[in-house]
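**Q** how does the following fold in three dimensions:
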Amino acid sequence: ELMRLIDVQFLETPWYGSRQMARHLRREGYVVGRKRIRRLMAKMGLAPIYQRPRTTVPNPEHRIFPYLLRDLVIDRPNQVWCADITYLPMRRGFLYLVAV
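**A** Coordinates of the predicted model:
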């Protein structure tokens, strides 16, 4: 019965993941947990549709640079700098974070 209800609701709202689906079923009066809904959705092959961040899509024309620090001995401050970029999931979408 739960799988049928999940299927019906997923056809209406395909962006619902296990959390929102569990919340919806609780509002309908069913006593369910998120882990159970996640297991049932995986068994049914349902995955929510949402925009994923495209952080690791390389350009095929971009050349690959050599690693220049391999044999370098770092022995003083400000000799080598580093930067990193990542994303933070937000309520609606995501936010990029750059650190130097």
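
**Q** count the neighbours of Leu25 for me.
**A** Taking other Cβ atoms under 10 Å as the criterion, the count of residues near Leu25 is 19. C-betas here are computed from N, CA, C, even on glycine.

**Q** that one reaches Leu5, doesn't it?
**A** Yes. With contacts counted by Cβ atoms under 8 Å, Leu25 reaches Leu5, the gap being 6.4 Å.

**Q** for this structure, just list every one of the helices.
**A** The residue ranges that make up the helices of the chain, judged by DSSP state H, are 2-12, 18-27, 34-44.

**Q** ranking those helices by burial, who's on top?
**A** helix 18-27 (a mean of 17; mean count of other Cβ atoms under 10 Å).

**Q** what mean pLDDT does that one get?
**A** Averaged over helix 18-27, pLDDT sits at 95.

**Q** center of the chain - which residue?
**A** A centroid search over the chain (Cα atoms, centre = their mean) returns Arg52, at 6.4 Å, as the residue closest to the centre.

**Q** quick one: contacts for it?
**A** Applying Cβ atoms under 8 Å, 6 or more residues apart in numbering to Arg52 gives no contacts.

**Q** also Ala83?
**A** Per Cβ under 8 Å, 6+ apart, neighbours of Ala83: 98-100.

**Q** swap in Arg19?
**A** Per Cβ under 8 Å, 6+ apart, neighbours of Arg19: Arg34.

**Q** ok so, going back, out of the helices of the chain, which is closest to Arg63?
**A** helix 34-44 (40.6 Å; Cβ to Cβ).

**Q** state the mean pLDDT of that closest one.
**A** Mean predicted lDDT for helix 34-44 stands at 95.

**Q** how about stretch 68-76?
**A** Mean predicted confidence for stretch 68-76 is 92.
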